[in-house]
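*Asks:* sharing a sequence plus its predicted fold:
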Amino acid sequence: MIGYLRQAISSFRRTEVLVFLPALTLAAFWIGGEGALLMIALGLPLVTLVVVLVGQGAGGGPTGGTRMIEDLDTVMALQAEAGRTTACFVLQFDDPVGLIDRYGRTTQSEILACCNDRVRGAMRLGDSLTALEDGSLVVVLAPVYRLDLETMVQIAGRIQAVVHQPIMARADVVHVTCSIGFCHGRRAPEPTGRSLLDAAQIAADEARRHGPGAIRAFSIDMARAKVNRDALRDGVEIALADGQIKAHFQPQISTDTGAISGMEALARWYHPDRGCLLPGEFLPVIEGTGLSERLNQVMVAEALSALADWDRAGFSVPTVSVNFSAAELNDPKLPERLKWELDRFDLTTDRLTIEVLETVVASSENDMIAVNIATLAAMGCGIDLDDFGTGNASITSIRRFALRRLKIDRSFVTGVDEDREQQKLVAAILSMAERLGLETMAEGVESPAEHTMLAQLGCRHVQGYGIARPMPADEVTVWMGRHIERIATTPRIGQKAR
Ligand code: C2E
Ligand code: CA
Ligand code: CA
């Protein structure tokens, strides 16, 4: 019903209709005389004005959110009475900011409007569409008697298919992707329009986190996870300021000598109520609140401070590695800031290693990240390519990023001692690294057998639970004391000649 009304209004708004106005006025005069002429000449513009105003209020424009909730309430009430049901879909574009960077704000708006038009064209007559101010698009299905999960996934897929078709903009072919979350009318936590829209939005946020191009159906677990995230979000700024977020360190050792070759700093949140939280739980919150740079500052300071302490205690830890996200690597002041931090602790630049995810290197058309990494490498910092093997970085990008070492992802390491195929893959990575003049480290090494096989294949460094779990800085000191004793008394693992 809402959809029919909206379409009638939009066709009434079409300017082409106005060409019939003179003919109508003339016909009115012939048929009904002066009275009819006056009615048509004054009445028609008046009716048009009223219809257009109603149309604006009906949610066709970007501020239609409130009106849409009312419409949704009506649909939800109808659903309860008539045994029919609806579903709400929320579409979020995956990279709207990237489109502004590439084409400017006006063209970006045109591109998104074109996508919205396509979605409108892909829906049935009674379905309603509303563009929200944050750029997302809400689609509400006209109530139907049967609506199962498979149908809803198909509808989401159909919406994605039209959005994902190429668009011409400024003589460029643009590929836009979107993620979609949806909620079945009977799955909303409460039988209200607000609750249904909120649920679909929670699902859309979840989809976007797993995007690009993801689809998610709302579930109660998702709502619980969101409550947790919201609670964390409120506390994260204080946590960073109060020192609740600390670095744990995981040792990296040489396969050749067993000596410590470095320590990786991994973030931990000592939450006052929830205990020690892992990055998987709070990193998305930090990224979502724009606090990545602050986290990075904390981690670099913690890592360098621990390194200076170990130096003073007489331990040899050649370098400490810190993980950097794409957002942190985008900061033009990064090299200057890191140099300042190293100076503050009186450490040379080679003592800090920057870990960059392979996905960042592979997907980056971003020159700022490449420039920063090149500057840091020229300064003397080590650059490690993290999770290597998962991100499809090309050899060209590996060269462009002035890397020092490949960190072979855990997925290649698990079971490498038994699986011939894994051995072949790792051997191929090692030989490619050797030809490119790169060092290698295997991560996620859990067993002595994996450790031995990696050493025999020629991998130079290893890290993983099999050597040690990540631990607080003071425990690292105790571990190092014991490790040094252990390697003094253990025969070395031999390296196979290749
Ligand atoms: P990552 O950089 O790949 O770090 C290795 C992760 O694998 C760590 O998880 C570590 O505890 C775990 N791990 C190490 N050895 C083993 C093993 O033998 N077996 C298994 N199953 N796991 C092992 P963690 O600490 O939960 O960190 C997860 C991810 O969070 C890290 O993956 C890294 O991408 C990110 N991260 C951690 N700290 C920071 C940070 O300060 N900044 C940024 N941007 N990301 C961070
Ligand atoms: Ca890492
Ligand atoms: Ca890794």
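*Replies:* The structure has been received and is ready for your questions. Ligands and ions are numbered 1, 2, ... in the order given.

*Asks:* helix, strand or coil: sort out the residue positioned nearest the centre of the chain for me.
*Replies:* When Cα atoms, centre = their mean is applied to the chain, the residue found nearest the centroid is Arg209 (4.5 Å). Under DSSP: H, G, I helix; E, B strand; the rest coil, Arg209 falls in the helix class.

*Asks:* how about it: what's its closest non-neighbour residue?
*Replies:* Pro284 (6.4 Å; Cβ to Cβ, 6 or more residues apart in numbering). C-beta: built from backbone N, CA, C; applies to glycine.

*Asks:* quick one: the strands in the stretch 1-150 of the chain?
*Replies:* Taking DSSP state E, counting those that start in this stretch as the criterion, the stretch 1-150 of the chain carries its strands at 87-93, 128-131, 137-140.

*Asks:* neighbours of Trp275, just the number please.
*Replies:* One correction, residue 275 is Gly, not Trp. Gly275 is flanked by 8 other residues according to other Cβ atoms under 10 Å.

*Asks:* actually Gly243, not the one I typed
*Replies:* 10.

*Asks:* and if you look at Glu293?
*Replies:* 17.

*Asks:* does it lie in a helix or a strand, and which?
*Replies:* Per DSSP states H and E: Glu293 is located in helix 292-312.

*Asks:* list the neighbouring strands of the longest strand along the chain plus their orientation.
*Replies:* Secondary structure of the chain per DSSP state E: the longest strand is strand 260-271. Take DSSP bridges as the rule and strand 260-271 pairs in its sheet with strand 245-254 (antiparallel), strand 275-277 (antiparallel), strand 320-324 (parallel).

*Asks:* the last one near ligand 1 at all?
*Replies:* When you say that, I think you mean strand 320-324. Yes - among the residues of strand 320-324, Asn323 lie within reach of ligand 1 under Cβ under 6 Å from any ligand atom.

*Asks:* quick check: residues of the stretch 301-450 of the chain near ligand 3?
*Replies:* 386-387 (Cβ under 5 Å from the ion).

*Asks:* show me the helices in the stretch 301-450 of the chain, by range?
*Replies:* 326-329, 334-344, 358-363, 367-379, 395-400, 410-413, 420-435, 448-457 (DSSP state H, counting those that start in this stretch).

*Asks:* show me what contacts Ala377?
*Replies:* 383, 402-404 (Cβ atoms under 8 Å, 6 or more residues apart in numbering).

*Asks:* what's the PyMOL syntax to select whichever of those residues are buried?
*Replies:* Here is the PyMOL command that selects the buried residues among the contacts of Ala377 (16 or more other Cβ atoms under 10 Å):
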select buried, resi 383+403+404
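
*Asks:* need the contacts of Ala377 in JSON lines with pLDDT, can you?
*Replies:* Shown next, in JSON lines, are these (pLDDT from 0 to 100):
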{"residue": "Ile383", "pLDDT": "96"}
{"residue": "Ala402", "pLDDT": "84"}
{"residue": "Leu403", "pLDDT": "92"}
{"residue": "Arg404", "pLDDT": "95"}
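
*Asks:* just the contacts of Ala377 now: which is nearest ligand 1?
*Replies:* Closest approach to ligand 1 among the contacts of Ala377 (Cβ to the nearest ligand atom): Ile383, at 14.1 Å.

*Asks:* shouldn't that closest one be in contact with Arg400?
*Replies:* No - Ile383 is not in contact with Arg400 according to Cβ atoms under 8 Å; the separation is 11.5 Å.

*Asks:* give me every residue in this structure lying close to ligand 2.
*Replies:* Counting by Cβ under 5 Å from the ion, the chain sits next to ligand 2 at 323, 355, 386.

*Asks:* of those residues - the most surrounded one?
*Replies:* Going by other Cβ under 10 Å, Asp386 tops these with 24 neighbours.

*Asks:* CA atoms only for the helix or strand hosting Trp479, dumped as PDB, please.
*Replies:* According to DSSP H and E, Trp479 maps onto helix 473-489. Taking C-alpha atoms only, helix 473-489 is exported to PDB below (Å, rounded to 0.1, in the frame of the first residue of the first chain):
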ATOM      1  CA  ALA A 473      56.900  -8.100  30.000                       C
ATOM      2  CA  ASP A 474      58.000  -9.200  33.500                       C
ATOM      3  CA  GLU A 475      57.200 -12.900  32.700                       C
ATOM      4  CA  VAL A 476      59.300 -12.500  29.500                       C
ATOM      5  CA  THR A 477      62.300 -11.800  31.700                       C
ATOM      6  CA  VAL A 478      61.800 -15.000  33.600                       C
ATOM      7  CA  TRP A 479      61.200 -17.000  30.400                       C
ATOM      8  CA  MET A 480      64.400 -15.500  28.700                       C
ATOM      9  CA  GLY A 481      66.500 -16.600  31.700                       C
ATOM     10  CA  ARG A 482      65.200 -20.200  31.400                       C
ATOM     11  CA  HIS A 483      65.500 -20.200  27.600                       C
ATOM     12  CA  ILE A 484      69.100 -19.200  27.600                       C
ATOM     13  CA  GLU A 485      69.800 -22.000  30.100                       C
ATOM     14  CA  ARG A 486      67.900 -24.400  27.900                       C
ATOM     15  CA  ILE A 487      69.700 -23.700  24.700                       C
ATOM     16  CA  ALA A 488      73.000 -23.900  26.400                       C
ATOM     17  CA  THR A 489      72.300 -27.500  27.300                       C
END
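
*Asks:* which residues does that helix contact?
*Replies:* 247, 249, 251, 253, 257-260, 263, 302, 306, 309-310, 313, 315, 317, 468, 471.

*Asks:* mind checking how far Gln252 is from Ser305?
*Replies:* 19 Å (Cβ to Cβ, to the nearest Å).

*Asks:* of the two, who's got more company?
*Replies:* Neighbours per residue (other Cβ under 10 Å) separate Gln252 from Ser305, with Gln252 holding more: 29 against 17.

*Asks:* residue contacts, that one?
*Replies:* Gln252 touches 260-264, 321, 441, 461-463, 467, counting by Cβ under 8 Å, 6+ apart.

*Asks:* what's the answer for Trp269, then?
*Replies:* Counted by Cβ under 8 Å, 6+ apart, Trp269 has contacts 239, 244-245, 276-277, 281-282.

*Asks:* how about stretch 440-453: buried residues?
*Replies:* Within stretch 440-453, the residues that count as buried by 16+ other Cβ under 10 Å are 440-445, 447, 450-453.

*Asks:* stretch 161-170 now?
*Replies:* 162-164, 167, 169.

*Asks:* of the residues you listed, closest to Ile429?
*Replies:* His164 (33.1 Å; Cβ to Cβ).

*Asks:* for Phe89, find the nearest of the helices of the stretch 301-450 of the chain.
*Replies:* The nearest among the helices of the stretch 301-450 of the chain, by Cβ to Cβ, is helix 358-363 at 27.3 Å.

*Asks:* quick one: distance of the closest one to the chain centre.
*Replies:* How far helix 358-363 lies from its chain's middle: 14 Å, per Cα atoms, centre = their mean, to the nearest Å.

*Asks:* packing partners of the helix holding Glu293?
*Replies:* helix 220-242, strand 245-254, strand 260-271, strand 320-324, helix 326-329, helix 334-344, strand 352-357, helix 473-489 (3 or more Cβ pairs under 8 Å, 6 or more residues apart in numbering; DSSP states H and E).

*Asks:* neighbour-wise, which one of the contacts of Gln252 leads?
*Replies:* These, ranked by neighbours (other Cβ under 10 Å): first place Met263, 29 neighbours.
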